[in-house]
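K.L.:
what's the 3D shape of this:
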Amino acid sequence: MTSSEKEKLKKVIDDQIVVLKEDIKELQELTKPIPLDASIGRISRMDAINNKTINEASLREKKKLLQRLEKAKERADTKDFGICTKCGNEIPYGRLEYMPHTTRCVQCVG
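P.N.:
Numbering: from 1, shown residues only. Predicted coordinates for the structure are as follows:
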């Protein structure tokens, strides 16, 4: 991988981190407890609880992805960045551009 490709990937990582942090902030607002004294109907309360559960799952996934991206950002300056942790081959640039947090090539994932 060239140094310019590595710099592009660092920018992709930084951009994705910024977007994820905004998404996480929004989801944290959506997952706040539903007050019992809120005057909504029984069906609406059930819908709100269901939506809260879905948003909590999404929040957990986004937090995991944020951690993986932050680790990728730390690895970006090492010589092992872009190298499959299983087989040792270079991970294709296109895969890293799409999933900069990945640590394995396509053959080793499947």
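
K.L.:
so where is this structure shaky, pLDDT-wise?
P.N.:
Where the chain drops to pLDDT under 70, the residues are 36-42.

K.L.:
what residue is smack in the middle of it?
P.N.:
With distances taken as CA atoms, centre = their mean, residue 65 lies nearest the centre of the chain, 2.5 Å away.

K.L.:
in terms of contact, does that residue touch residue 17 like I think?
P.N.:
No - using CB atoms under 8 Å, residue 65 is not in contact with residue 17, being 9.5 Å away. Bear in mind the C-beta positions are built from the backbone N, C-alpha and C, glycine included.

K.L.:
Following element in sequence after the longest helix that the chain contains, please.
P.N.:
The longest helix of the chain (DSSP state H) is helix 42-75. Following helix 42-75 in sequence order, the next helix or strand is helix 93-98 (DSSP states H and E).

K.L.:
quick one: contacts of the helix or strand following that next one?
P.N.:
Scanning forward in sequence from helix 93-98 by DSSP H and E, the next helix or strand is helix 106-109. Applying CB atoms under 8 Å, 6 or more residues apart in numbering, the contact partners of helix 106-109 are 84, 86-87, 92, 95, 102.

K.L.:
ditto for stretch 69-85
P.N.:
Contacts for stretch 69-85 (CB under 8 Å, 6+ apart): 1, 6, 9-10, 13-14, 16-17, 20, 89-91, 93, 96, 100-101, 103-105, 108.

K.L.:
Are any of those buried, and if so which?
P.N.:
9-10, 13, 16-17, 20, 91, 96, 100-101, 103-105 (16 or more other CB atoms under 10 Å).

K.L.:
Just give me the closest of the residues you listed to residue 50.
P.N.:
Residue 50 lies nearest to residue 20 out of the buried ones among the contacts of stretch 69-85, by CB to CB, at 24.0 Å.
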